[in-house]
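*Asks:* Sharing a model that was predicted from the sequence below.
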Amino acid sequence: MKLIVEGSPHFMGKDSTPKIMGCVCLALLPTVIAATVLYGLGAPILVLACIATALVCEHLCCLIQRRPSTADDFSCVVTAMLLAMTLPADCPFWIAALGTAFAIVVVKMLFGGIGCNVFNPAVAGRIFLMVAFPSALGSYPAPEGTPLDAITGATPLAEMTAGTFNHSYLDLLLGNHAGALGETCIITLLIGYVFLLVMRIVDAWATLPFVGVVAVMSLITGNDVLAQLLSGGLALGAFFMATDYTTTPMTQTGKVVFGVGCGLITSFVRFFASAPEGVAYSILFMNMLVPLIDKLCAPKPEGGVKRALA
Amino acid sequence: MFSLHKTKGGVHPPQHKDTRDCPVVYVEPPQQVRIPLNMHIGAPCTPCVSVGDHVYVGTLIGDGTGLCAPIHASISGTVTSVATEQLPTGQTAPVVEIEGDGKMEQDPSIVKPSYSTKDEFIDCVRASGVVGLGGASFPTWFKMKAPEGKKFDYLVVNGMECEPFITSDFRQMMEHPGRIIDGCSRIIEALEIPGAVIGIEDNKPEAVELLNKTIAEKGVGDKVEVMAVPTKYPAGGEKVLIMATTGRAVPAGGLPVDAGCLVMNVTSVSRVEEYFRYGEPLVRKTITVAGDCVKNPGNYRVPIGMNVRDVIEAAGGLVKDPKKVLMGGPMMGRAISSLDCPVLKANNAILCWDDLAVLPEATPCIKCGRCVRACPLSLNPTGLAVASANKNLLALDELGVMNCMDCGSCTYACPAHRRINDSIRNGKAFYRTETRRLADEAKGGK
């Protein structure tokens, strides 16, 4: 009889990385469906194209780096879905694929793969595309069914900057306006986020301060608070990107700091800079500070620490 | 006198307490026992019998000086070997082998102990051979001696039994509540401790009720209290229990006495009381035998030093070959390499697993922070694991690697199934050798 000998504990929890990532994909699904309804079949096809690119890139990188493939843990699918959701539904496939490849190869795998990346790959990929292809990502298709002369339109935030904003809160909530395919329908994003909260996969320690600070800053600067909260990438960013494990702090205080920082930068860009939207920049910038935040907000050991070296 | 305090972290593993309604069964004495002489924290005992000696149940077979607890023969018979062996637990120790005569005669020199002073009481506890029976195996008499300038404000009795599967402490509480309450009264009286609290996880309401009833019957309610503590692993960890019952934190590198607490397992209290009542030292242990490979899972009272194979045989034998056998619970127990392993004083379970034996492979850390939130001592497990892997002495020192009590909550909580506390154990060993080396070098330099 040969017995297994290994260190304790001999029990492990039922959660696993693929299960967590699978749940996040599931949580994003309602929004993809909403995008299909709003912007047509181009939306889900774009999402699938990004997923396929991500899987191929992740698998190839692991082959080249000679380590077990992590393509089957669904983390690259999450990245691909998030990136696709920040793109206009009529974005050319090759641009979307290039952005996904950049996100996976440069931002994720070159930094060491899952768990080692400093920046949120989806956010970094989106910013890369915004810088490289400003015209392709500068115009957004309007929802299907709008009059023909409005096939593309400005996003609500751009309209606010230009002073031509006229949408009802209901339109904003349902995503019935021009915008990135996965950013507009707030109601499905919220459903997905609540699902993740209930599954105890994410928490609200970063999300609430993020949204709260943007609300307070809109109030102070005299903007329409509700319209600000329901527009742009705030919901997608605060629900799904500021809750990413690897690129946000680990402790609750750290997460609050992260959320407040994101909220402040988003508000600054929205209200004082010339760009209409700042969610992506704010997350990318705060990603950089995570090691510092983790160090400053480290848990305090119960009973103190008895140092032998100091 | 006591109120419940909030504790941090913790996890909720499945409980599997299927043997809770299995009364303790005395097993037939085995043909042979092998008693290791290192069944406690501290220096191993020196054998004081030699091959050919006749021993009775309770005859002293090993003792030592300093941090040490005496060890007694658990069956009557003849000593057949005294030698240093490697045990299937991985430890090496002097082992006394006794071939039984089947009579189980008690040593005629055993008398009921008596004491009049605190020091005499502690000497009696020492002579009983009792160590921390919850698993820590710290000599009980040693922790009863409060160092100069320190005193005990509370006796904290640990009836939590937060490890899955194990029910031996629960059975002790259900079958001998009087001994536990009398033991508490005796200990706090002898050591001049103001009060005692018995912490029990709230998944054992029968035990809470029974002990409360016993306290009322004996009229010691002003001194001894029972507290139901929310079920959470590791609520029965010494430091966590002190926090829950008294709200005090044991300072890093310190002992419970530094927080004014004497912590004892319920079974230890019961054994101490039994020693004062009947004079028989610690020679038997109640073991929960469970797992899907055991025919009759249950609680068995076995002589210390009995072979695990014989204990399993007494529990009806195996229905299939186990892939893993644990001494202790799933969270902190030790996987043994062979069934030819003696039962130790602090063992409280033997688990034979087939279905639960194989654990998932580890995948890369995703920095989810669940280990940080699961740590009951507010350490940073993933940081410690990285520092251990990198042999980063300064980081290990900063993060308080020696605070870790090895409860395994971090590994349990990890969705990437990383063996976090395996790494931390390595880190501790590295830290211990390196700091000792540095201290020696500093001394040599002077």
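*Replies:* Thanks, I have the structure now.
*Asks:* okay, and for the stretch 51-200 of chain A, where does confidence drop off?
*Replies:* Scanning the stretch 51-200 of chain A for pLDDT under 70 picks out A:145-153.
*Asks:* go again using 80 as the cut-off
*Replies:* Low-confidence segments of the stretch 51-200 of chain A, defined by pLDDT under 80: A:138, A:144-154, A:158-166.
*Asks:* do chain B as well
*Replies:* The model of chain B has pLDDT under 80 over residues B:1, B:89-90, B:444-446.
*Asks:* Which stretches in it count as helices?
*Replies:* B:118-128, B:140-144, B:168-175, B:177-190, B:205-218, B:238-246, B:266-278, B:308-314, B:370-374, B:381-389, B:393-398, B:409-413, B:420-445 (DSSP state H).
*Asks:* does any bit of the longest one sit next to chain A?
*Replies:* If I follow you right, that is helix B:420-445. Yes. Contact of helix B:420-445 with chain A (Cβ under 8 Å from any Cβ of the partner chain) involves B:Asn421, B:Asp422, B:Arg425, B:Tyr431, B:Thr435, B:Leu438. The way it works is simple: take the backbone N, C-alpha and C, and place the C-beta from them, glycine included.
*Asks:* Ranking by neighbours, what's the top pick from those?
*Replies:* Ranked by the number of neighbours (other Cβ atoms under 10 Å in any protein chain shown), those place B:Asn421 first, at 30 neighbours.
*Asks:* show me the contacts for A:Tyr281.
*Replies:* Counting by Cβ atoms under 8 Å, 6 or more residues apart in numbering or on different chains, A:Tyr281 makes contact with A:Ile127, A:Ile265, A:Thr266, A:Val269, A:Ala275.
*Asks:* That should have said A:Leu226, apologies.
*Replies:* A:Tyr169, A:Leu172.
*Asks:* That one in helix, strand or coil?
*Replies:* When classified by DSSP: H, G, I helix; E, B strand; the rest coil, A:Leu226 comes out as helix.
*Asks:* still on that earlier bit, highest mean neighbour count out of the helices of chain B?
*Replies:* helix B:409-413 (a mean of 28; mean count of other Cβ atoms under 10 Å in any protein chain shown).
*Asks:* Counting by contacts, list what it packs against.
*Replies:* Judged by 3 or more Cβ pairs under 8 Å, 6 or more residues apart in numbering or on different chains; DSSP states H and E, the packing partners of helix B:409-413 are helix B:370-374, helix B:420-445.
*Asks:* Find the centremost residue of the chain, please.
*Replies:* Since no chain was named, I'll use chain A. By Cα atoms, centre = their mean, the mean C-alpha position of chain A lies nearest to A:Met241, the distance being 3.1 Å.
*Asks:* other chain: chain B
*Replies:* B:Gly135 (1.4 Å).
*Asks:* That one touches B:Gly328, doesn't it?
*Replies:* Yes. Look at B:Gly135 against B:Gly328 with Cβ atoms under 8 Å: they come within range, at 6.0 Å.
*Asks:* what is in contact with the two at once?
*Replies:* Residues touching both B:Gly135 and B:Gly328 by Cβ under 8 Å, 6+ apart: B:Asn348.
*Asks:* Pull the contacting residues for A:Gly175.
*Replies:* Neighbouring residues of A:Gly175 by Cβ under 8 Å, 6+ apart: A:Ala34, A:Ala35, A:Leu38, A:Pro143, A:Glu183, A:Thr184, A:Cys185, A:Ile186, A:Ile187, A:Thr188.
*Asks:* Off-centre distance for whichever strand or helix holds the first one?
*Replies:* Spelled out, that is A:Ala34. Assessed by DSSP states H and E, A:Ala34 sits inside helix A:17-39. Counting by Cα atoms, centre = their mean, to the nearest Å, helix A:17-39 is centred 12 Å from the centre of its parent chain.
*Asks:* and what of stretch A:45-63?
*Replies:* 17 Å.
*Asks:* With stretch B:437-446 instead?
*Replies:* That offset, for stretch B:437-446, works out to 36 Å (Cα atoms, centre = their mean).
*Asks:* again, but for stretch B:358-372
*Replies:* 28 Å.
*Asks:* Compute the first-to-last residue distance for stretch B:368-388.
*Replies:* In stretch B:368-388, first residue to last residue: 19 Å (Cα to Cα, to the nearest Å).
*Asks:* Mind checking the helices of chain B for the one nearest to A:Cys50?
*Replies:* Distance to A:Cys50, taken as Cβ to Cβ, is lowest for helix B:370-374 among these, at 28.5 Å.
*Asks:* In CSV, please show the C-alpha coordinates belonging to that closest one.
*Replies:* This file holds the C-alpha atoms of helix B:370-374, laid out as CSV (Å, rounded to 0.1, in the frame of the first residue of the first chain):
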residue,chain,number,x,y,z
ARG,B,370,-8.2,35.5,-0.4
CYS,B,371,-5.3,34.1,1.7
VAL,B,372,-4.8,37.6,3.2
ARG,B,373,-8.4,37.8,4.2
ALA,B,374,-8.5,34.1,5.4
